[in-house]
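this one's structure only:
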């Protein structure tokens with residue numbers, strides 16, 4: 001059912017949040033060695049090359065595959081890596097990038113006609129409040145990020161949202177092929193990113209990034225790149241694509257709001273970026289909002305009287321003057337169920 005996220009999918013979505021949250025310190029380590037645009041090209045080329053040789057292309061129209069790859073692989077990471085290079089703090093980047101969640105909900109409602117229930121909308125509002133609280137606290141403590149890095153990261157979140165919709169539309173054309181779709185999405189970014197890197201960063205800077213790979217900085221950069229490719233992209237994005245394929249965007253996307261909680265905590269532990277009890281409290285509000293938007297109220301247990309009342313009579317019964325037959329009002333389906341049925345029909 002598309003109207004809610006079951007327990008198994010909630011656990012998988014939480015695992016994705018951990019993978020993606022840890023990915024921000026990994027990106028930071030890689031950017032210490034490689035220029036940002038070339039790093040994006042390298043990241044996806046490591047997946048694209050074996051994919052072209054070993055994996056058959058999923059039977060989806062090229063327009064959805066390109067939309068997925070361009071939004072998720074190109075736009076998101078161009079702006080994210082660029083922002084982190086020009087001064088966006090690692091933990092704050094993991095926070096601002098989660099603007100993809102409300103972007104996805106709005107775009108899904110406008111472009112895919114997906115319905116947003118009041119409960120889901122309230123959950124998104126609570127989670128966004130937590131994200132805003134973390135941002136305001138960090139701005140007060142650290143003086144805030146400059147306007148340009150924040151705007152760049154927001155552009156990355158918008159690219160992620162378009163990628164989410166592209167992946168969903170692609171999987172509709174080829175259900176059950178979400179992982180092959182992810183692999184072929186990785187074929188889209190390398191060439192345009194390499195061209196952008198050559199034009200902006202230049203061949204000399206690219207060549208210099210391969211010197212000193214045996215140093216501590218170089219080894220940590222390679223370890224970060226390996227984590228990004230294997231854990232964040234193959235494992236995390238693979239699970240995310242599968243979740244988006246069998247659940248409505250409006251109930252999966254809010255789980256990405258858990259990423260900054262992991263990103264801020266891991267940046268504090270690994271990179272010594274300071275956190276505070278106030279940030280942890282705002283992070284707990286983010287978790288509460290995600291749970292509010294994804295959990296649904298359990299149906300009331302059916303009693304024996306309910307079962308008898310709901311059981312149809314084997315034949316029509318004509319009421320007599322001495323017998324009054326009470327009508328049982330079964331009621332209309334719940335709003336969540338109606339929205340789920342509509343999404344399932346689509």
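Cool, got the structure. Bear in mind the structure is a predicted one, so any value in this text is a computation, not a measurement.

switch to C-alpha atoms for all contacts and neighbour counts from now on
Will do.

what's near enough to touch residue 91?
The contact partners of residue 91, by Cα atoms under 8 Å, 6 or more residues apart in numbering, come to 24, 260, 263, 264, 265, 267, 273.

for residue 239, same thing?
Contacts were defined as Cα under 8 Å, 6+ apart; by that measure residue 239 touches 12, 13, 16.

out of those, who has the most neighbours?
The most crowded member of these, judged by other Cα atoms under 10 Å, is residue 16 (25 neighbours).

Chain neighbours aside, what residue packs nearest to it?
Nearest residue to residue 16, sequence neighbours excluded (Cα to Cα, 6 or more residues apart in numbering): residue 236, at 4.8 Å.

Relative to residue 17, how far out is the one you found?
8 Å (Cα to Cα, to the nearest Å).

residues making contact with the helix or strand harbouring residue 20?
Following DSSP states H and E, one finds residue 20 within helix 7-31. Here helix 7-31 makes contact (Cα under 8 Å, 6+ apart) with 39, 81, 84-85, 90-91, 93-94, 217, 220-225, 227-228, 231-232, 235-237, 239-240, 243, 252, 255-264, 266-267, 270-271.

Now intersect those with the helices, please.
Mapping those onto helices (DSSP state H) picks out 39, 81, 84-85, 90-91, 93-94, 217, 220-225, 239-240, 243, 252, 259-264, 266-267, 270-271.

low-scoring stretches of the stretch 151-300 of the chain, by residue?
Scanning the stretch 151-300 of the chain for pLDDT under 70 picks out the ranges 249-250, 275, 293-300.

coming back round to it: could I have the buried ones of the ones in helices among the contacts of helix 7-31 as PyMOL selection syntax?
Per 16 or more other Cα atoms under 10 Å, the buried members of the ones in helices among the contacts of helix 7-31 correspond to this PyMOL selection:
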select buried, resi 39+81+84+85+90+91+93+94+217+220+221+222+223+224+225+239+240+243+252+259+260+261+262+263+264+266+267
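
Give the buried residues for the helix holding residue 20.
Under the neighbour-count criterion of 16+ other Cα under 10 Å, helix 7-31 has 9-10, 12-31 buried.

Near the nearest residue to residue 101 once chain neighbours are set aside, how many other residues are there?
Distance criterion Cα to Cα, 6+ apart; nearest residue to residue 101, sequence neighbours excluded, is residue 253 at 4.9 Å. Taking other Cα under 10 Å as the criterion, the count of residues near residue 253 is 26.

what do you get for residue 233?
Neighbours of residue 233 under the rule other Cα under 10 Å: 25.

Please tell me how far residue 30 sits from residue 179.
Distance from residue 30 to residue 179, counting by Cα to Cα: 25 Å.

Check residue 277 too.
Taking Cα to Cα as the measure, residue 277 and residue 179 are separated by 39 Å.

neighbour count winner among the two?
The residue with more neighbours, out of residue 277 and residue 179, is residue 179; 19 against 8, by other Cα under 10 Å.

How about the contacts made by that one?
For residue 179, the contact set (Cα under 8 Å, 6+ apart) comprises 238, 241, 242.

Please list all residues in contact with the spatially most central residue of the chain.
Geometric centre of the chain, nearest residue: residue 256, 4.4 Å, by Cα atoms, centre = their mean. Neighbouring residues of residue 256 by Cα under 8 Å, 6+ apart: 13, 17, 98, 101.

Equivalent analysis for residue 212, please.
Neighbouring residues of residue 212 by Cα under 8 Å, 6+ apart: residue 218.

On the three-state scheme, it is what?
Here residue 212 is recorded as coil under DSSP: H, G, I helix; E, B strand; the rest coil.

same thing with residue 56?
Three-state assignment for residue 56 (three-state DSSP): coil.

and it, how many neighbours does it have?
Residues within reach of residue 56, counting by other Cα under 10 Å, total 12.

Could you find the closest non-adjacent residue to it?
Take residue 56 and drop its neighbours on the chain: the residue closest to it by Cα to Cα, 6+ apart is residue 180, 7.8 Å away.

repeat for residue 37
For residue 37, ignoring the flanking residues on the chain, the nearest one in space by Cα to Cα, 6+ apart is residue 197 at 5.1 Å.

ok, now residue 273?
Nearest one to residue 273, counting by Cα to Cα, 6+ apart, is residue 267 at 5.5 Å.

distance of that neighbour from residue 99?
For residue 267, the distance to residue 99 equals 19 Å [Cα to Cα].

Over to residue 218?
Remark: distance between residue 218 and residue 99 (Cα to Cα) = 32 Å.

Of those two, which one has the most company?
Set residue 218 next to residue 99 and count neighbours by other Cα under 10 Å: residue 99 wins out with 23 against 20.

Which helix or which strand is home to the residue nearest to that one when sequence neighbours are not counted?
Nearest residue to residue 99, sequence neighbours excluded (Cα to Cα, 6+ apart): residue 157, at 5.3 Å. Taking DSSP H and E as the definition, one finds residue 157 inside helix 147-173.

Alright, that wraps it up for me.
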